[in-house]
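# Okay, sequence plus prediction incoming.
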Amino acid sequence: MENPAENVFTRCPRCGFNWATREEFLADPEVEFIEYRTNLRILRLGIFRFSHSQPICKNEVEVEATLFSDLGEGPVFNERDTGSKKCKGYCLDPKRVEICQAICECEAISDIEAKIKEWPKSTKLNYSQLVEKCRTFRRFDQSKPIKRKDLLDLVNLARLSPSRANQQPLKYFISSEPELNAGIFSTLSWASYFRGWDGPAEGERPAGYIVVLHDDSVTKSAGCEDGIAAQTMKLGATYKGLGGCIINAIDREALRQVIAIRDHLQIRLVLALGVPVEKVKLESADGSIRYWRDKEDVIHTPKRPLDEIIIKPKKK
């Protein structure tokens with residue numbers, strides 16, 4: 001059997017996130033260099049320390065210096081000047097990015113350290129980052145419209161998602177027209193944990209909607225396919241720089257009248273979309289799992305720790 005560790009450059013000891021290559025690791029915008037932990041006896045046995053600023057992790061990752069040795073471009077000296085009058089201490093100071101010019105064995109480490117600090121960060125989201133960024137947003141910049149093509153792109157992602165027996169019973173109604181949007185908005189309820197809040201005010205309402213429908217002439221049960229489709233589209237929206245909210249609190253009869261659909265189409269979910277104007281912060285659940293909004297309008301969303309949701313076999 002193939003050992004997964006053989007295909008991994010390194011992994012975060014806390015959240016378990018894997019980086020397949022060194023280049024992917026260094027380019028990750030959530031990975032920041034902290035310091036080189038010096039082994040003055042044998043330099044190649046030193047450790048490079050990094051922070052992993054993933055919202056639900058915030059841990060440190062240690063990587064052996066030998067895995068970066070080929071980044072050094074300068075000469076490698078055998079002599080050691082550490083602590084002498086000639087030594088500027090660059091390799092001992094994590095805040096310095098200058099390349100040491102001393103004729104010293106440590107110069108190679110200083111060179112590598114500078115390359116690591118200057119490594120360009122990727123602007124693309126890896127899958128873990130995409131999932132973390134795909135939060136529930138309820139307030140949007142209503143002045144920024146959503147193109148019909150963007151909604152069609154998202155529906156196409158749902159179309160490609162798995163379907164039981166490949167029956168594909170889901171259909172979709174899309175809207176990006178202000179008047180129709182207003183009608184859809186009037187049938188929705190928002191954020192039950194926010195007592196006394198009736199939903200986003202005019203100017204902060206969604207700029208587009210996708211109504212997920214079940215065609216009961218295809219099959220009598222949609223199973224969990226509506227959830228799969230909605231989350232797939234929401235991930236796609238996140239990738240496009242949009243945000244969304246999957247809504248099940250719907251006045252279905254009223255919405256049926258607004259979008260004028262036939263009797264064999266059953267309303268399952270509504271995906272509200274737009275450019276978010278609020279910030280959502282993930283944090284570890286400490287008792288309560290209720291999301292809440294602070295004085296700066298930041299929404300805090302507690303998530304249960306990984307070890308709490310993994311079920312172990314009952315002891316005999």
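Alright, I've got the coordinates.

# Would you map the strands across the stretch 151-300 of the chain?
170-175, 208-215, 243-247, 265-274, 280-284, 292-293, 299-303 (DSSP state E, counting those that start in this stretch).

# by how many degrees do the last one and strand 280-284 diverge?
What that stands for is strand 299-303. Note on geometry: by axes from the mean of the first three to the mean of the last three CA atoms, to 10 degrees, strand 299-303 and strand 280-284 are set 30 degrees apart in direction.

# Name the surrounding residues that touch strand 299-303.
Strand 299-303 has contacts (CB atoms under 8 Å, 6 or more residues apart in numbering) with 56, 135-136, 278-286, 288-294. Every residue, glycine included, has its C-beta placed from N, CA and C.

# State the mean pLDDT of that strand.
Averaging pLDDT along strand 299-303 gives 95.

# Just the C-alpha atoms of that strand, please, in CSV.
Coordinates of each C-alpha in strand 299-303 appear next as CSV, following Å, rounded to 0.1, in the frame of the first residue of the first chain:
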residue,chain,number,x,y,z
ILE,A,299,-19.5,37.4,13.2
HIS,A,300,-17.9,34.8,15.4
THR,A,301,-18.6,31.2,14.3
PRO,A,302,-17.6,28.5,16.8
LYS,A,303,-16.5,25.1,15.3
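
# Contacts for the next helix or strand after that strand, please.
Stepping forward along the backbone from strand 299-303, the first helix or strand reached (DSSP states H and E) is helix 306-309. Where contact means CB under 8 Å, 6+ apart, the residues beyond helix 306-309 that reach it are Cys15, Gly16, Ala285.

# where do the helices sit along the stretch 101-250 of the chain?
Listed in chain order, the helices found in the stretch 101-250 of the chain under DSSP state H, counting those that start in this stretch are 107-117, 127-133, 148-159, 178-185, 225-239.

# before we move on, back to that, same list (the strands of the stretch 151-300 of the chain) but as TSV, adding distance to Arg195.
Rendered in TSV, the data for those read as follows (distance: least, CB to CB, whole Å):
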stretch	distance to Arg195
strand 170-175	29
strand 208-215	25
strand 243-247	18
strand 265-274	20
strand 280-284	19
strand 292-293	11
strand 299-303	14
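
# Count the neighbours of the closest residue to Arg148 other than its chain neighbours for me.
Taking CB to CB, 6 or more residues apart in numbering, and ignoring the residues beside it in sequence, Arg148 has Ser176 as its nearest neighbour in space, at 5.6 Å. Number of residues near Ser176 (other CB atoms under 10 Å) recorded here: 19.

# One more: Arg138?
Applying other CB under 10 Å, we find 25 other residues in the vicinity of Arg138.

# For it, list the residues it contacts.
With contacts defined as CB under 8 Å, 6+ apart, Arg138 is in contact with Trp190, Ala191, Gly199, Pro200, Cys245, Ala272, Glu278.

# Excluding chain neighbours, what is closest to the fourth one?
Spatial nearest neighbour of Pro200, excluding adjacent residues (CB to CB, 6+ apart): Arg139 at 4.8 Å.

# just checking, the one you found touches Pro206?
No. Using CB atoms under 8 Å, Arg139 is not in contact with Pro206, being 9.4 Å away.

# neighbour count winner among those two?
Set side by side, Arg139 and Pro206 show unequal neighbour counts under other CB under 10 Å, the larger going to Pro206 at 30 against 21.

# Isn't the more buried one up against Ala272?
Yes. Taking contact to mean CB under 8 Å, the distance of 3.9 Å between Pro206 and Ala272 places them in contact.
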